[in-house]
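Visitor: next one to model:
(one chain, ligands or ions: 1)
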Amino acid sequence: MTTETGSAIEVRNATDDDWPHIVKLDSFNFGGHIADLKSGITRELAPNDNVIVATNGGQVVGVTMHYDLQITVPGGALIDLPGVTWVSVAPTHRRRGILRTLLTEQHQRFLESGAPMSILTASEGGIYGRFGYGPITTEFTHKFDRRFAAFRSTTVDPGGVRLAAKDEAEEFLPPIYDRWRRQRAGAVGRPAAYWRGVFADPESERGGASALFFLLHDDGFVSYRVRESADSGMSLEIVDMFAVTPEAYIALWRTLGGLDLMSTITVSESRDMLLPYLLKDPRLPRLTGSHDLLWARILDVPGVLRARSYACELDVTIEVVDDFLDRGGVFRLTSRGNGGNAQCVPAEEPARLTIGIGDLASIYFGEHRAVTLAQAGRISAPDPEILERFDHAFTTSAAPRGGMFF
Ligand SMILES: CC(C)(COP(=O)(O)OP(=O)(O)OC[C@H]1O[C@@H](n2cnc3c(N)ncnc32)[C@H](O)[C@@H]1OP(=O)(O)O)[C@@H](O)C(=O)NCCC(=O)NCCS
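Guide: Numbers count the residues shown, from 1 in each chain. Below is the predicted model of the structure:
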């Protein structure tokens, strides 16, 4: 490919010498100086083979890379997959196709490696749909005044929470998180290097708040920061809260509720957050924002559709449309429901339902519904019964949750 001035853009794997330039590029593009600690951890998670750069006249003007990750799909199967990250193109070289060139090269490599799916977190919602990605998990941020939070009499404190120092947190948090993520669709396993970044807790990542505090239960944990202001005193901002059992979740909230000097608490959770059901005033946790966390791109349609379980019996022929990588086609998906295995094979017969590959990812994890996408004109299914059954089959008992930003 060439630039407007005719000079060539070269696309190749990164070398060690490229890294200072990659760090500079991402620092400018994401508006923050990237610390050595973070770039060191990134290099561990993304060895040079996982990093593709675009150069112009010897200068790095674009980059994309991936971490080797694992995600849980509905029904509990674990899928190894690449997580795309650090995507950026120099502001001097925008909108001339460098991102498209980089992602084409990167995704061709994913296909060659046999990856069934790829994921990412998006800086903007308008970029990745054209590359076949769809949003698969949403975080809902709530804020409330802890001083008005009274628990219902049904919210009995199961106890078992301890105040943990960092060394105890380092030992216990990763295995608890690992248990949690294996039972939650959409959750991504956190590599050891990622945890090292969490516990390093550099001042540059604190946004002016305190270092991390940790509350620990055998089946769950909370990490949070405290922010002080002249107006509202001390407010508590939850960074991570994961509980394997409802008892652990309740015990952690009862303990947070006991932090008398804290005014407000801010927390982000999935759509099916339990907290309002624990309080006398369920309106107290006020939704202050919501945003997508993970996006997924299906690379192997039948493989991925076979990997999850379905809520009901299903036998439908679907057409999947993929303008970016041409991995679509017509497939017959059959399942007996009740968590049993599904079959999915290429089919010759006419499709009863047509869906874009990004929208298929969105409904696959249970966060978005086929009926909603059909109402929006994004799924075509002339027979309403087929649509309803398809929609029901993809529902999940718990809302999906990503668990890891990268
Ligand atoms: C987003 C970014 C990587 C795009 O790079 P680029 O080389 O200018 O993109 P391209 O010219 O290859 O554009 C590819 C397509 O994406 C579209 N696009 C690019 N940036 C977009 C944006 N911010 N919002 C919506 N669409 C965008 C282009 O219009 C083009 O569409 P088309 O091919 O369907 O016509 C670049 O603007 C950037 O570095 N932004 C800051 C960092 C960032 O947000 N990175 C993404 C991290 S998840």
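
Visitor: rest of the way, CA atoms for contacts and neighbours
Guide: Fine.

Visitor: kindly report the residues of this structure close to the ligand.
Guide: Residues of the chain lying near the ligand by CA under 6 Å from any ligand atom: 29-30, 87-89, 94-100, 121-123, 126-127.

Visitor: buried members of those residues into ChimeraX, please.
Guide: Restricted to buried positions by 16 or more other CA atoms under 10 Å, the ChimeraX selection for the residues of the chain next to the ligand reads:
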select :29,87,88,89,98,99,121,122
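
Visitor: can you give me the helices in the stretch 51-200 of the chain?
Guide: For the stretch 51-200 of the chain, the helices defined by DSSP state H, counting those that start in this stretch cover 98-113, 166-182, 192-200.

Visitor: what is the burial count for the residue nearest to residue 338 when sequence neighbours are not counted?
Guide: Computed as CA to CA, 6 or more residues apart in numbering, the closest residue to residue 338 that is not its neighbour in sequence is residue 311, at 5.8 Å. The local packing of residue 311 (other CA atoms under 10 Å) involves 22 other residues.

Visitor: ditto for residue 140
Guide: For residue 140, using other CA under 10 Å, the count is 17.

Visitor: distance check, it against residue 183.
Guide: From residue 140 across to residue 183, the span is 20 Å (CA to CA, to the nearest Å).

Visitor: and if you look at residue 386?
Guide: Using CA to CA, residue 386 is found at 29 Å from residue 183.

Visitor: what of residue 208?
Guide: For residue 208, the distance to residue 183 equals 34 Å [CA to CA].

Visitor: more neighbours: which of those two?
Guide: For residue 208 versus residue 183, the count of surrounding residues by other CA under 10 Å is larger for residue 183: 18 against 12.

Visitor: which SS class is whatever residue of the stretch 201-350 of the chain ends up closest to the ligand?
Guide: At 9.6 Å from the ligand, residue 324 is the closest residue in the stretch 201-350 of the chain, using CA to the nearest ligand atom. Secondary structure state of residue 324, per DSSP: H, G, I helix; E, B strand; the rest coil, is coil.

Visitor: burial count for it?
Guide: By other CA under 10 Å, 16 other residues sit near residue 324.

Visitor: outline the domain layout of the chain.
Guide: What the record gives for the chain is the domain set 9-115, 139-291, 298-393, from automatic domain parsing.

Visitor: among those domains, which comes closest to residue 405?
Guide: Residue 405 lies closest to domain 139-291 among the domains of the chain, at 9.2 Å (CA to CA).

Visitor: and whichever strand or helix holds residue 43, what does it pack against?
Guide: Using DSSP states H and E, residue 43 sits in helix 36-45. Where contact means 3 or more CA pairs under 8 Å, 6 or more residues apart in numbering; DSSP states H and E, helix 36-45 is packed against helix 192-200.

Visitor: now the strands for the stretch 151-300 of the chain?
Guide: 162-164, 213-217, 220-229, 233-243, 262-269, 286-292, 295-298 (DSSP state E, counting those that start in this stretch).

Visitor: mind listing the strands the first one pairs with, and their directions?
Guide: Sheet pairing here is set by DSSP bridges, and for strand 162-164 it gives strand 213-217 (antiparallel).

Visitor: again with the fourth one
Guide: Sheet neighbours of strand 233-243, with direction, are listed as strand 220-229 (antiparallel), strand 262-269 (parallel) (DSSP bridges).

Visitor: for the residue nearest to the spatial centre of the chain, which non-adjacent residue is spatially closest?
Guide: Among the residues of the chain, the one closest to the centroid is residue 294, at 2.8 Å (CA atoms, centre = their mean). Nearest residue to residue 294 in three dimensions, chain neighbours excluded: residue 121, at 5.0 Å (CA to CA, 6+ apart).

Visitor: from what I can see that neighbour touches residue 188, true?
Guide: No. The criterion here is CA atoms under 8 Å, and residue 121 misses it with residue 188 at 11.8 Å.

Visitor: give me the nearest residue to residue 71, chain neighbours excluded.
Guide: Counting by CA to CA, 6+ apart, the residue nearest residue 71 is residue 188, at 4.5 Å.

Visitor: quick check: that neighbour vs the ligand, distance?
Guide: Look at residue 188 and the ligand: by CA to the nearest ligand atom, to the nearest Å, they are 17 Å apart.

Visitor: pLDDT weak spots in the chain?
Guide: 3-6 (pLDDT under 70).

Visitor: ok, longest strand in it?
Guide: For the chain, the strand with the greatest residue count under DSSP state E is strand 59-72.

Visitor: now do the buried residues in it.
Guide: 60-67, 69-72.

Visitor: tell me who's in contact with the residue nearest to residue 338.
Guide: For residue 311, the contact set (CA atoms under 8 Å, 6 or more residues apart in numbering) comprises 337-339, 392-396.

Visitor: same check on residue 118?
Guide: By CA under 8 Å, 6+ apart, the contact set of residue 118 is 81-84, 296-299.

Visitor: from those, which is closest to residue 212?
Guide: residue 83 (26.2 Å).

Visitor: burial of the closest one, as a residue count?
Guide: 23.

Visitor: what sits against it?
Guide: Under the criterion of CA under 8 Å, 6+ apart, the contact list for residue 83 reads 66-69, 118-120.

Visitor: try residue 350
Guide: Per CA under 8 Å, 6+ apart, neighbours of residue 350: 317, 330.

Visitor: distance of residue 214 from residue 51?
Guide: Residue 214 is 34 Å from residue 51, by CA to CA.

Visitor: from the ligand, how far out is residue 10?
Guide: According to CA to the nearest ligand atom, residue 10 and the ligand sit 13 Å apart.

Visitor: any idea which of the domains of the chain gets closest to residue 402?
Guide: Between residue 402 and those, the tightest spacing by CA to CA is seen for domain 139-291, at 4.2 Å.
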